[in-house]
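Visitor: Show me the folded form of this:
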Amino acid sequence: MTAGEMVCHLFDASTAVLDPHGKRPAPRWRPIMKWLALRAPMNWPKGFKSPARIDQRKEGTRPTDFEADRRRALEGLRAMAAAPAEAWPPNHAVFGTLNASDWHRWAFRHTDHHLRQFGL
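Guide: Okay, here's the model as predicted:
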């Protein structure tokens, strides 16, 4: 993943999460995986595959102008930070049921994971 792809991925992920009409895969109940991903004091490992719609090498937004893509990613992160509890979907495809606090934690961990890939 390039830096341009990463900022587009962050934007696509925020848009997908907050899209009230978005297609949602059936959640799997994985309480241990949910706890590890959201609460364990460790960095997320590399190598997980993103859904095609947020994978920049598949259906995701292609990078264009880095500064414009970065601004869109920040807008998406701000939208997630400001989203009311009812804006969040009731579950995540991998972690199962998430409340607004869990979603905020996911947004932080997801963003942190990708920024660490670039030493930030």
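Visitor: element containing residue 17?
Guide: Using DSSP states H and E, residue 17 maps to helix 3-18.
Visitor: Residue 106 too?
Guide: Applying DSSP H and E, one finds residue 106 within helix 100-116.
Visitor: Equivalent analysis for residue 56, please.
Guide: Applying DSSP H and E, one finds residue 56 in no helix or strand.
Visitor: surely it meets residue 63?
Guide: Yes - counting by Cβ atoms under 8 Å, residue 63 is a contact partner of residue 56 at 6.8 Å. All C-beta spots, glycine's among them, are computed from the backbone N, C-alpha and C.
Visitor: what do the two both touch?
Guide: Here residue 56 and residue 63 have 5, 8 as joint contacts, going by Cβ atoms under 8 Å, 6 or more residues apart in numbering.
Visitor: mind checking how far the residue nearest the centre of the chain is from residue 103?
Guide: By Cα atoms, centre = their mean, the chain has its centre lying nearest to residue 13, at 4.3 Å. As defined by Cβ to Cβ, to the nearest Å, residue 13 lies at a distance of 11 Å from residue 103.
Visitor: got it, and residue 20?
Guide: Distance from residue 20 to residue 103, by Cβ to Cβ: 14 Å.
Visitor: the more surrounded of these two?
Guide: residue 103 (21 against 8; other Cβ atoms under 10 Å).
Visitor: List the contacts of the closest residue to that one other than its chain neighbours.
Guide: Closest residue in space to residue 103, ignoring its immediate chain neighbours: residue 88 at 4.6 Å, by Cβ to Cβ, 6 or more residues apart in numbering. Applying Cβ under 8 Å, 6+ apart to residue 88 gives the contacts 17-18, 98-100, 103.
Visitor: Now do whatever helix or strand comes next after the helix holding residue 17: which elements does it pack against?
Guide: Going down the chain from helix 3-18, the next helix or strand is helix 31-38, by DSSP H and E. Counting contacts by 3 or more Cβ pairs under 8 Å, 6 or more residues apart in numbering; DSSP states H and E, helix 31-38 packs against helix 100-116.
Visitor: could you give the angle of the helix it packs on to helix 3-18?
Guide: 170 degrees (axes from the mean of the first three to the mean of the last three Cα atoms, to 10 degrees).
Visitor: This completes my enquiry, with thanks.
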